Structure formats: structure tokens, C-alpha cells
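Participant: Sharing a sequence plus its predicted fold:
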Amino acid sequence: MKHLALTTALLMSATGAMAGKAFVSNERGNTITVVDTESWEVLTEFDGGNRPRGITLSPDGSLLYVCASDDDTVRVFDTETYEELYTLPSGPDPELFVIHPSGSPLYIANEDDNLVTVTDTESHSILAEVPVGVEPEGMAISPDSQWVVNTSETTNMAHFISTEDYQIKHNILVDQRPRYAQYTSDGSRLFVSSEIGGTVSVIDVAEDGTPTLRQKIEFEVPGVLPEWLQPVGVKITEDASRIFVALGPANRVAVIDGASLEVVDYIMVGQRVWQMDFTHDQKYLVTTNGNSNDITVIDVEKEEAIKSVQVGQQPWGVAITPY
């Protein structure tokens, strides 16, 4: 397997490009599947701990961070050798997290304890524990790194936490069971998905970070029951022209026009689409499909699914290296 990875790297270097890797956390299989983003072939699979869910990378792509929820820890792996290097304290039941653009700290949602844990990735110590609403899950960081947003599923709020003093400065009420939050690249807008409410809340953000709820986007797919339209993962193109929303058991990814905030298309993907990530050039969007045990590759420009790749059991999250 290492020989295959090396051969692939050499071939890509010869053509002036290098393939990236998509790391997929398999919640029920307790593994991480590695997929080459050039060939879309599975490179390998390795142990990810017990119930791996949230997954992200260091800014340079050399380290992979995995929320091993049932181990109450964050496991850290080398993205080349796949060796587990160490663990980081996370608080109980870590589910989702975001990393500071500098590489430290991690901001981790602890679903069972209603906390956001702030963990220094260099000293391997906890810097702060921030009390938030009930069942915290979604995490986002503003492009200027001044704010971390947590969404609390039972409280139905987005909490805006200052990264300077770890205090909540603003709360915005959204619809039932908010699962994910994502800023636009300029930080002027935040999108929050609500799984049970069936909506995405659009929040305008002032220059000082003050949020204001602008509107809520709803979804409607012919032949799909309304209760199946469960927004979870959200990804936004760099120019904010398109917002992609994973709709869970509807087996669709919604495409929203960034200017009009209207839904313009629905892309059929695998079963129970959950989380997503772009390749580094945003040419492709990769979705995790928990009930069909695969990922779907979407051509972003064409807004169509072009490939399905079988991975592990109940894929949950995906993170793609920045090259």
C-alpha cells in the first residue's frame, strides 16, 4: 500500500500536480478510509478509534485530527504514514470541532457535557471549557479568527464565542436541532443548518462580529416527504456563489444561489448524506453517505454527481488534504 501511494505521488509530480487525499471517518466501522482524489481509488483504511465522527486537518495537511467520540479523546495521525502519533484531551463525547488557522487551538463540541473545550494542539492541554447550550454539535470559526460559533441541538441556538476571552457574546435562535455552521470566506455571512427544522438560517455578520438573522431557507423535493429533508453539512464556494447543503435521508445535496439565496438545484447522491468537503481547488465536492457506505464525488461546476466510491461502515465525516 505504501508502494502504491509513493508511485502515485511520483506520477503526479511528473505531470506538475499532486493528488490529494480524502480521509473519511466511518462511525460504525471505527476506521478511517483514505481515498486518492485524482484516481478516486481507495488507498488504505486504518483504525480510527471508537466511533470516529468529526475529522479535520492541520493547516499544512500533515496531521489528521479525529473525534473518537466513544473514547472521549481526539486522535492525531500522520497523513503520510497513517500512524497514530498521540491523543489530545477533548472532554467527553467529542463530536465536531474546528481548528484555528494557525494550527492551535482546537475548538471541540462536547455533546454530553454541554461544553466547548479549547485544546492547545502544541502543549496538549485544555485552555478553557466554555459552557454552552444543550447538546452542542456544530462548530465554525470566523475567517478573522475572532469568533467561534457553536450550535446547540436542543437549545436551538448558535452561540458566538469570543476567541479572546472564551465568553459568549451573542446568541441567535434558529430552528430545531442545528447541526452545522459555516462562514463565507469574507466572514460577512454565516449559514446554520437545522436538521429537524428542515431549514438553513442565514445570518448576516457585521464588521464587529454582531450577528443578525436575515432569513431561513426551506427545501422542497418532488416525491420526497418533508420530514426526510434534514439539512446537516454545509459547504460554501470561495466566491460564495454557491452554497451546498446535505439533506440527510432525502439523499440529495441542495444547491443554493449565493446572491439570491434561492435553491436552484438538487443533486442525487448516496443514502443519508451527512457531511462534505471540497478538494483544494474546489473542483469537486465529496459527500459522506452513511446508509450506503460510500462517498459521492460531485463536479462543482457542472453541479452533478460523477462517481461513487465504497468506503467503510457508516461514513460520517470527510477532510481533504490541501494539495
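Facilitator: Okay, I see it. Computed from a predicted structure; not experimentally measured. Residues are numbered from 1 along each chain as shown.
Participant: my guess is Trp316 is in a strand, correct?
Facilitator: Yes. Counting by DSSP: H, G, I helix; E, B strand; the rest coil, one finds Trp316 located in a strand.
Participant: Neighbours of it, how many?
Facilitator: Neighbour count of Trp316, defined by other Cβ atoms under 10 Å: 24. Using the backbone N, CA and C atoms, a C-beta is placed for each residue, glycine as well.
Participant: dump the residue contacts of it.
Facilitator: Taking Cβ atoms under 8 Å, 6 or more residues apart in numbering, we find Trp316 in contact with 25-27, 52-53, 55, 274-275, 288, 290.
Participant: what's the answer for Val224, then?
Facilitator: Val224 is in contact with 250, 252, counting by Cβ under 8 Å, 6+ apart.
Participant: quick one: it from Ser125, how far?
Facilitator: Per Cβ to Cβ, to the nearest Å, Val224 is found 47 Å from Ser125.
Participant: circling back to that earlier point, for the contacts of Trp316, which one is nearest Glu304?
Facilitator: Thr288 (18.2 Å; Cβ to Cβ).
Participant: who wins for most neighbours among the contacts of Trp316?
Facilitator: The member of those that has the most neighbours, counting by other Cβ under 10 Å, is Thr288 with 33 neighbours.
Participant: What helix or strand is it located in?
Facilitator: Counting by DSSP states H and E, the secondary-structure element that holds Thr288 is strand 284-289.
Participant: Pairing partners for that strand, with directions?
Facilitator: Using DSSP bridges, strand 284-289 pairs in its sheet with strand 273-278 (antiparallel), strand 294-299 (antiparallel).
Participant: quick one: Gly223 from Met268, how far?
Facilitator: In terms of Cβ to Cβ, Gly223 sits 11 Å off from Met268.
Participant: Same drill for the two, tell me which one is more crowded.
Facilitator: Comparing Gly223 with Met268 by other Cβ under 10 Å, the one with more neighbours is Met268, at 13 against 4.
Participant: re earlier: max pairwise distance over the contacts of Trp316: which two?
Facilitator: Greatest spacing in the contacts of Trp316, by Cβ to Cβ: Ile55 and Gly290 (13.9 Å).
Participant: re the thing from before, and the strands paired with strand 284-289, which is most packed in?
Facilitator: For these, the largest average neighbour count (mean count of other Cβ atoms under 10 Å) is found in strand 273-278, namely a mean of 25.
Participant: Now do it: distance to the chain's middle.
Facilitator: Strand 273-278 sits 7 Å away from the centroid of its parent chain (Cα atoms, centre = their mean, to the nearest Å).
Participant: Asp299 pairs with what?
Facilitator: Asp299 has the following beta-bridge partners by DSSP bridges: Tyr284, Glu304.
Participant: how far out from the middle of the chain is the strand holding Thr288?
Facilitator: Centroid separation for strand 284-289 versus its chain: 11 Å, with Cα atoms, centre = their mean.
Participant: Same check on stretch 265-281?
Facilitator: For stretch 265-281, the distance to the chain centre is 11 Å (Cα atoms, centre = their mean).
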